[in-house]
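> Provided below for reference: sequence and predicted model.
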Amino acid sequence: MSKRDYYEVLGVDKGASERDIKKAYKRLAMKYHPDRTSGDKDLEIKFKEVKEAYEVLSDEDKRHKYDQHGHAAFEHGHGGGGFGGGHADFSDVFGDVFGDIFGGGRRGGGGQRQQRGSDLRYNLEMSLEDAVRGKELEIKVPTWVSCKPCDGSGAKAGSKPKTCSTCHGAGQVQMRQGFFAVQQTCPTCKGQGQIISDPCNSCHGQGRVEKTKTLSVKIPAGVDTGDRIRLAGEGEAGANGAPAGDLFVQVHVKDHPIFVRDGSNLYCEVPIGFTTAALGGEIEVPTLDGRAKLKVPSETQTGKMFRLRGKGVKSVRGGAVGDLLCKVMIETPVNLNDKQKDLLKQFEETMTGKTSKYRPKEQGFFDGVKKFFDDLTG
């Protein structure tokens, strides 16, 4: 009986890519494999046909010969050995096809897997002044560092780790379950790919030791709560000479007794006397650079916001310097003596019957309240 065209068997075009051929093969092999077809002889034959087609078309040299001479390229006299006899080993068939899904398929030795050291976080509290201006400071970080006597290898001086005989240095072994090939951590070397028979006395074979490091950190001007500064390679050293992780300095700016920061702007509340608010005047307000003069116009109401341009913060991300916004709060005088109380009463008498003229907001409020209750009862 004549053989079917291999491209037709896999259901792909003659110009199909290697990826398309592999994809078609996986689909058909799973469909026709004897383990899934309850011993159906016809489907078993189809499975052999699919396997044979894939073995030719997945090999560049064999595919080239097949494209030139067809099936005759693999008959006796053309250098081929033929296909067909015996039961196919499904595990071998799928070893390379599924290898990329489960971590690499068949692999030779020497591919030791190294576990990079963990990243660390250091919480840094700063004053607002230091955060705005920037500062260089030293921090102490407890961490794991590379062991010096063994240079991070974990092996005693004069000896070397040996390649694991179970995984041949790969750090993983392949377990076959039915028609699946699953990669697992090597139980002998615990994924390291190497065995240390004579461990270092300092680190006991880990290649690293615990130590508190003192690091110099330059905090750029304009940082704010939530900003992070990354120090590459200053995290935990990896085991057995693996690369170190990174250290992330997490900034937290402490509350300030005067200022509240919002992005590039600063806010503060400034108490003023009601005489200054009524008559106007000049007051001193604080800034991060010292004191500044602020002119308060007459008849200023409490809650009025004044803006001092360029007296805020320049963000670490760039942009213009922000502003300082001062909110004036009129302070009611306390601890008055009899004379002062008398003067206030005399002052109040001068405004009797003229509330709308001197206190328009108060008059407007009570007019609104009166209308509200009139509407309810009306």
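Happy to help now that I have it. Note that this is a predicted model, so its numbers are computed, not measured.

> which secondary structure elements does the helix or strand containing Val369 contact?
Remark: Val369 resides in helix 360-377, with elements defined by DSSP states H and E. With contacts defined as 3 or more Cβ pairs under 8 Å, 6 or more residues apart in numbering; DSSP states H and E, the packing partners of helix 360-377 are helix 355-358. C-beta coordinates here come from the backbone N, C-alpha and C atoms, glycine included.

> low-confidence ranges in the stretch 101-250 of the chain?
For the stretch 101-250 of the chain, the stretches flagged by pLDDT under 70 are 101-114, 177-180.

> all helices of it, in order?
Ranges of helices in the stretch 101-250 of the chain, per DSSP state H, counting those that start in this stretch, are 128-133.

> picking up where we left off before, send me the helix holding Val369 as PDB with only the CA atoms.
Output of helix 360-377 as PDB, limited to C-alpha atoms (Å, rounded to 0.1, in the frame of the first residue of the first chain):
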ATOM      1  CA  PRO A 360     -22.400  91.300  55.800                       C
ATOM      2  CA  LYS A 361     -21.800  87.600  55.900                       C
ATOM      3  CA  GLU A 362     -23.400  87.300  59.400                       C
ATOM      4  CA  GLN A 363     -26.400  89.400  58.300                       C
ATOM      5  CA  GLY A 364     -26.800  87.300  55.100                       C
ATOM      6  CA  PHE A 365     -26.600  84.100  57.100                       C
ATOM      7  CA  PHE A 366     -29.400  85.000  59.500                       C
ATOM      8  CA  ASP A 367     -31.500  86.400  56.700                       C
ATOM      9  CA  GLY A 368     -31.200  82.900  55.100                       C
ATOM     10  CA  VAL A 369     -32.100  81.100  58.300                       C
ATOM     11  CA  LYS A 370     -35.200  83.300  58.800                       C
ATOM     12  CA  LYS A 371     -36.400  82.600  55.200                       C
ATOM     13  CA  PHE A 372     -35.800  78.900  55.800                       C
ATOM     14  CA  PHE A 373     -38.000  78.700  58.800                       C
ATOM     15  CA  ASP A 374     -40.600  80.900  57.200                       C
ATOM     16  CA  ASP A 375     -40.800  78.500  54.300                       C
ATOM     17  CA  LEU A 376     -41.200  75.600  56.700                       C
ATOM     18  CA  THR A 377     -44.100  77.100  58.600                       C
END
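
> avg pLDDT for it?
Taken as a whole, helix 360-377 has a mean pLDDT of 73.
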